[in-house]
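> My questions are about this predicted structure, shown below with the sequence.
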Amino acid sequence: MKTPRLVAFDLDDTLAPSKSAIDPRIGDLLVALAERVEVAIISGGQLAQFTAQVVDRLPDASAGALSRLHLLPTCGTQYYRLTADGVVTVYAHSLTDDQKTRALTAVEEEARRLGLWEAETWGDILEDRGSQITFSALGQRAPLDAKTAWDPTGEKKNALRAAVAERLPDLEVRSGGSTSVDITHRGIDKAYGMRQLAAQTGIELDDMLFVGDRLDPDGNDYPVLAMGVACQAVDGWEETADFLDGLIPTLPSR
């Protein structure tokens, strides 16, 4: 593997269990990695999720390490950097009110038609994330075991994605997490986020490495693999930690 100048990660089920805080081991490894290379997190989640799961759980870090952390919520339609004073916005590309209304209407109507609108949930099913509309079948705060059991094959989620996509040809509709479907501007996926990283940092895609748990053709990490970026497949945060334990000592010190 070529020595990367930037390592990017998916969030849920790569750095932490879905919607859960990172383990202290991951926090230590992310900071150690940021002492050597640029580090990015790209996910369909919103900034508040990044903050609660990762930023607030990081150990003390040098100003230099913090400056090398890049946060790309909603697959890169938003971009933030960390500083000693907190999170700084680089950009945020929001959907229009019309796009949001049509997306919310389409995903609810199709979920009800397909029998996927659940009566008992943990939090809101629909969420306006500014640059992304997200459908979460069991609600935003559903426990991991319930989410895992709801659609183990991905069949329900993929059927909903296809139905909504037919109604919103001008927008991007894709499978998100284990129970979610995300709607953004056309052409937005994690490959878009990687291209934004290249543009903002000046680092070529050939010098990047992406780590994710859904690199299969139906997974939301697959667009990164398809664009030719070097990828490392993992199954859970423990595998990510083991991989970083081996990678970090091979990287040059700053």
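Received the coordinates, thanks. Numbers count the residues shown, from 1 in each chain.
> Mind jotting down where the strands sit in this structure?
Secondary structure of the chain (DSSP state E): strands at 6-9, 38-42, 69-72, 78-83, 86-92, 126-128, 133-136, 171-175, 180-185, 208-212, 230-233.
> what does the second one contact?
With contact meaning Cβ atoms under 8 Å, 6 or more residues apart in numbering, strand 38-42 is reached by 5-11, 15, 30, 33, 50, 54, 68-72, 75-76, 190, 193-194, 197, 201, 203. (C-beta placed from N, C-alpha, C; glycine too.)
> before we move on, what about stretch 164-180?
12-13, 18, 44, 99, 102-103, 106-107, 110, 134-138, 142, 147-148, 150-151, 154, 157-158, 161, 181-189, 218-220.
> Now tabulate the strands of the chain in CSV and tack on mean neighbour count, mean pLDDT and distance to residue 116.
CSV is the format used below for the strands of the chain (neighbours: other Cβ atoms under 10 Å; pLDDT from 0 to 100; distance: least, Cβ to Cβ, whole Å):
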stretch, mean neighbour count, mean pLDDT, distance to residue 116
strand 6-9, 24, 98, 29
strand 38-42, 24, 97, 26
strand 69-72, 24, 96, 28
strand 78-83, 19, 92, 27
strand 86-92, 12, 91, 30
strand 126-128, 16, 94, 13
strand 133-136, 26, 95, 9
strand 171-175, 21, 90, 13
strand 180-185, 26, 92, 10
strand 208-212, 24, 98, 25
strand 230-233, 18, 97, 28
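> Make CSV from those and add distance to residue 25 to it.
CSV is the format used below for the strands of the chain (distance: least, Cβ to Cβ, whole Å):
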stretch, distance to residue 25
strand 6-9, 14
strand 38-42, 15
strand 69-72, 17
strand 78-83, 20
strand 86-92, 23
strand 126-128, 30
strand 133-136, 28
strand 171-175, 29
strand 180-185, 26
strand 208-212, 15
strand 230-233, 17
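> Which of those strands sits closest to residue 118?
Closest of the strands of the chain to residue 118 is strand 133-136, at 9.9 Å (criterion: Cβ to Cβ).
> Starting from the closest one, tell me which strands it pairs with and how they run.
strand 126-128 (antiparallel), strand 180-185 (antiparallel) (DSSP bridges).
> which ones among the contacts of stretch 164-180 are found in helices?
99, 102, 103, 106, 107, 110, 147, 148, 150, 157, 158, 161 (DSSP state H).
> Only the buried subset of the residues you listed, as a PyMOL command please.
Entered in PyMOL, the line below selects the buried ones among the ones in helices among the contacts of stretch 164-180, by 16 or more other Cβ atoms under 10 Å:
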select buried, resi 99+102+103+106+107+110+147+150+157+161
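> Pull the contacting residues for residue 88.
Applying Cβ under 8 Å, 6+ apart to residue 88 gives the contacts 80, 81, 82.
> how far away is residue 161 from residue 16?
Between residue 161 and residue 16 the computed distance is 24 Å (Cβ to Cβ, to the nearest Å).
> do residue 6 as well
Distance, residue 6 to residue 16, by Cβ to Cβ: 20 Å.
> Residue 191 too?
For residue 191 relative to residue 16 (Cβ to Cβ), the value is 23 Å.
> Correct me if wrong: residue 248 contacts residue 28.
No - contact criterion Cβ atoms under 8 Å: residue 248 and residue 28 do not qualify, at 10.3 Å.
> neighbour-wise, which of residue 191 and residue 16 wins?
Per other Cβ atoms under 10 Å, whichever of residue 191 and residue 16 has more neighbours is residue 191, with 23 against 20.
> Residue 231 is in contact with the more buried one, correct?
No - judged on Cβ under 8 Å, residue 191 makes no contact with residue 231 at a distance of 11.4 Å.
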